[in-house]
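Novice: Need a 3D model of the following:
(2 chains)
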Amino acid sequence: MVRKLGIMLGAVAALAFAAGTAQAQKPKPGGTLVFAISAETPNYDCHGSDTYATLHFSSPFYSTLLRYNLAKFPEIEGDLAKSWTVSPDKLTYTFTLHDGVKFHDGTPLTSADIKATYDRLRNPAEGVVSNRKATFADIDTIETPNPTTVVFKLKAVNSSMLDHFASPWNCVYSAKDLAADQNAPRTKINGTGPFVFVEHIKGSHVAGKKNENYFKKGLPYLDGFKGVFTLQAAAMLNALQGGQVLAEFRGVSPAERDRIVQAMGDRIRVEESSWTLNLLVAFNVEKPPFNDVRVRRALLMAIDRWGGSQGLSRISTLRSVGGVIRPGAPLATPEAELVKLPGFSKDIKKAREEAKKLLKEAGQENLKFTLWNRNLAMPYTPAGIFLVDQWRQIGVEVEHKQSDTAPYLAGLRSGNYDVAIDFSNLFNDDATLALTKYLSHSKNPLNLARANDEEIDALYEKQLREGDIEKRKGYIRALEKRLFEQAYQQPLFWWHRIVLTHKPVMGWKMSPSHNLGQDLAEVWLNQ
Amino acid sequence: MTMATTALPAPAAEKSPGRMREFIRQQPLGAVSFVIIFLMMFAGIFCNYVAPYDPLQIDFASILSPPSWEHWCGTDAYGRDICSRLIYGARTALVIGFTSSFIGSTLGAILGVASAYFGGRIDNWIQRFMDILLAFPLIVLALVVVAALRRMVVGGVDINLIFAIAIPIIPRVARVVRAAALGVRVMPYVDAARAAGYSHSRIIFRHMAPNVVAPYLIMLTAFIAQAILAEASLSFLGLGVVEPTAAWGLMLSGNAADFYREAPWMILFPGIAISLAVFAFNLFGDALRDYLDPRFKV
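Specialist: Numbering: from 1, shown residues only, chains lettered A, B, ... in the order given. Sure thing, here's the model as predicted:
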């Protein structure tokens, strides 16, 4: 036993040394990184998107005000902001911008661009979609005293504000472009990021070349990149194994990892982490019979999450059972409390009996509906197969309908579905960020269940303003309880992230979110 | 005409067993393939009674179990019984295969007969259009159609998938049937029908179509195999039937690609089922042609 422990410690030390040596290597400039993107973005606009398909496409072209330091996650560092201060009353945030930053079209970046960007995020014009409207609702005014200073004044204290400023979705757009057309970022790319847009061939790839005027001197290391759309998992894995692509930054399943490692041995790097991402079951509460809480609850109670997580974690990226906050995070609901909430019981037989009773009471014993799902093999298809099976066990007949990313999202947003597999794509463990998804639909269009619940809104506000961590936890628990009792939507499983990169790909940093670190500025090829 | 019809009373009841024996004696491979098709149809129709397990039932305790007495063909990545999925998959294959082949062959036969009957400019236009469709391989054209049309599921069957497979069959059948109909068009009874003032549709459907039934039946049978293969290919490519429906092509894709090394039975049995079905329908079509065509009896 002691000997085994010694060997393990030795191996860990050797790995740590090897990793340290690799990271300490001097970056080599040049080369083009070809990587896989397993979904194609419906448009280029970060503000109105929730899918990594947009970020993996657009991030290399844009900068944000702040960002996460992935080496010390969740520490925040400046991106366009050289420095910042927060007033003692926590109501004023002042940012000083880097000098000499230019958009790819040659226009200098000023505080006016930051103001235009955040005005679009918090208060989008008619016809413009901003999925961050709710998170920036506390901003009262944005002032630009000089070209390199921008001052945000809040209406109320917001304990999550810096995290919101560090969101990778806040791509900074040119005020000039937005003045011409508020929807310009959907179809036109003009950022200040490390790469300049070259081309987007639909169904094939996106390409970028090095931004010679990038404000961070010496970066990026790469001459360019090419993101290849590999919509079929098998095609992506074959391309990865064959060296046609050198990385896929979203994540693969354990079986896919094993296949590639078996085939490539030590030529491939495997990095793993829990994931700030979950799949949700969402009911369209505007459509009968899902406007009946008994029907929604019955369907959630029929799902054997605990048994399912054991099986699905072997074959997919789905792994943990949790509430609205990532399991293991400081504010997450512990398992002992979770099992008492509707839909999380470990006594599945009893829960299903109760579910059948609820359906009978609601007059829905022969319930039939369509499950709206995304046509992404991992992990949407396994989740769909699993749910269809779970609901059949209480006599419910489900038709599984899968669509490509763009029509899938369009269906979700227009409310053209019965029950859907939705996702909560977070970039940190901040409670406010996680809970925004469940705010009333009137306040946040990202609540795709389309539910309006004043009690949830009030609890959200309370936790947002609360400085005492224990009291805040109490509000979060109360919100979660209300949400699950009303059964508008509920996390199904939290994901586990496994990223495969060819060994020559250096400088990319693993994190619990696939939305972060995708600007590729510090990535280099050791060839 | 009427007299000719009534003058030929056929003792059908006595003749059928004799014909069956004759078919078996003349076409033994055809008879074997018919047995396979019959078993497939039986499994497809009575799958609820024949299948040992529910094909959609997940059993995480049995993930990737090898073939055993409990699971004859093993289980897949969700612990679902492969044998039961194959049996239910026969229904999917037959429904889509037969329906699309029937629609494609029937439309093709109508177009072929009409083209031969009218001749001239109409024949020219129809045939040039058929040439355009024939320029695309069956699976490529089916891919284009299925990608262009949205999924439209009625009673668990994707109607657009059926049409996607049926459309490429039309020109292939139309061409063969037209060739047969050209011979029928010059027959005296067609001229007599024209002279009697019958409508075009009556002449086509009552007098010409029955005389091209043999090539139509042969094409119909042969294209069932092609349609089953097309359905399997489209499902494999993610454009056909959607999980968790039991379908042979679908069983070869998805998780099968991840686990075929450690669980080869996941691809072996669906592969055998597809091969056997295609083999049986092709062979039966050939045997039917040989049996029905008088030239092969000489």
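
Novice: how far away is residue A:429 from residue A:327?
Specialist: Here residue A:429 is placed at a distance of 10 Å from residue A:327 (Cβ to Cβ, to the nearest Å). In this view, the C-beta of every residue, glycine as well, is placed from N, C-alpha and C.

Novice: tell me the contacts of the residue of the stretch 51-200 of chain B found nearest chain A?
Specialist: Closest residue of the stretch 51-200 of chain B to chain A, Cβ to the nearest Cβ: residue B:60 (2.8 Å). The contact partners of residue B:60, taken as Cβ atoms under 8 Å, 6 or more residues apart in numbering or on different chains, are A:307-308, A:310-312, A:314, B:78-79.

Novice: Helix, strand, or coil at residue A:370?
Specialist: strand (DSSP: H, G, I helix; E, B strand; the rest coil).

Novice: er, residue B:244 I mean
Specialist: coil.

Novice: Nearest the geometric middle of chain B, what residue?
Specialist: Computing the C-alpha centroid of chain B and ranking residues by Cα atoms, centre = their mean puts residue B:224 first, at 1.5 Å.

Novice: how far out from the middle of the chain is stretch A:259-266?
Specialist: 28 Å (Cα atoms, centre = their mean, to the nearest Å).

Novice: Same check on stretch A:504-522?
Specialist: 14 Å.

Novice: and if you look at stretch A:426-437?
Specialist: When distances are taken as Cα atoms, centre = their mean, stretch A:426-437 is centred 10 Å away from the chain's centroid.

Novice: now stretch A:130-142
Specialist: Worked out by Cα atoms, centre = their mean, stretch A:130-142 lies 19 Å from the chain centre.

Novice: Over to stretch A:479-486?
Specialist: Computed by Cα atoms, centre = their mean, the separation of stretch A:479-486 from the middle of its chain amounts to 22 Å.

Novice: got it, and stretch A:142-158?
Specialist: On Cα atoms, centre = their mean, the centre of stretch A:142-158 falls 27 Å from the chain's centre.

Novice: How about residue 209, nearest residue that isn't a chain neighbour?
Specialist: Picking chain A for this. Spatial nearest neighbour of residue A:209, excluding adjacent residues (Cβ to Cβ, 6 or more residues apart in numbering or on different chains): residue A:224 at 4.2 Å.

Novice: Please refer instead to chain B.
Specialist: Leaving aside its sequence neighbours, residue B:209 sits nearest to residue B:113 (Cβ to Cβ, 6+ apart; 5.5 Å).

Novice: Check residue A:210 too.
Specialist: Residue A:210's closest residue in space is residue A:223 (Cβ to Cβ, 6+ apart), at 5.3 Å.

Novice: so what's that neighbour up against?
Specialist: Residues counted as contacts of residue A:223 (Cβ under 8 Å, 6+ apart) are A:29-32, A:209-210.

Novice: From those, list just the buried residues.
Specialist: A:31, A:209-210 (16 or more other Cβ atoms under 10 Å in any protein chain shown).

Novice: nearest to chain B, of these?
Specialist: residue A:31 (30.6 Å).

Novice: so who does that closest one touch?
Specialist: Residue A:31 sits next to A:222-223, A:524-525, A:527 when contact means Cβ under 8 Å, 6+ apart.

Novice: Scan these and report the most crowded one.
Specialist: Most neighbours among the contacts of residue A:31, by other Cβ atoms under 10 Å in any protein chain shown: residue A:222, with 25 neighbours.

Novice: on that earlier part again, run through the neighbouring helices and strands of the helix or strand the residue nearest to the centre of chain B falls within.
Specialist: Here residue B:224, judged by DSSP states H and E, is contained in helix B:213-236. Contacts defined by 3 or more Cβ pairs under 8 Å, 6 or more residues apart in numbering or on different chains; DSSP states H and E place helix B:213-236 against helix B:82-118, helix B:138-148, helix B:159-185, helix B:248-252, helix B:265-292.

Novice: Need these in TSV (columns: mean neighbour count).
Specialist: Output for the helices and strands packed on helix B:213-236, formatted as TSV (neighbours: other Cβ atoms under 10 Å in any protein chain shown):
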stretch	mean neighbour count
helix B:82-118	24
helix B:138-148	18
helix B:159-185	22
helix B:248-252	25
helix B:265-292	20
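
Novice: Compare those helices and say which comes out lowest on pLDDT.
Specialist: For these, mean pLDDT drops lowest on helix B:138-148, to a mean of 83.

Novice: What parts of the stretch 401-527 of chain A come near chain B?
Specialist: For the stretch 401-527 of chain A, the residues in contact with chain B (Cβ under 8 Å from any Cβ of the partner chain) are A:401-402.

Novice: Run through the strands of the stretch 401-527 of chain A in chain order.
Specialist: Secondary structure of the stretch 401-527 of chain A (DSSP state E, counting those that start in this stretch): strands at A:419-425, A:489-502, A:505-506, A:524-525.

Novice: Reformat those strands as TSV; add mean pLDDT.
Specialist: Below are these laid out as TSV (pLDDT from 0 to 100):
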stretch	mean pLDDT
strand A:419-425	95
strand A:489-502	96
strand A:505-506	97
strand A:524-525	97
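
Novice: Ok, which of those strands comes nearest residue B:99?
Specialist: Shortest distance between residue B:99 and the strands of the stretch 401-527 of chain A, using Cβ to Cβ, is found for strand A:419-425: 29.3 Å.

Novice: got the angle between the closest one and strand A:489-502?
Specialist: Counting by axes from the mean of the first three to the mean of the last three Cα atoms, to 10 degrees, strand A:419-425 lies at 60 degrees to strand A:489-502.
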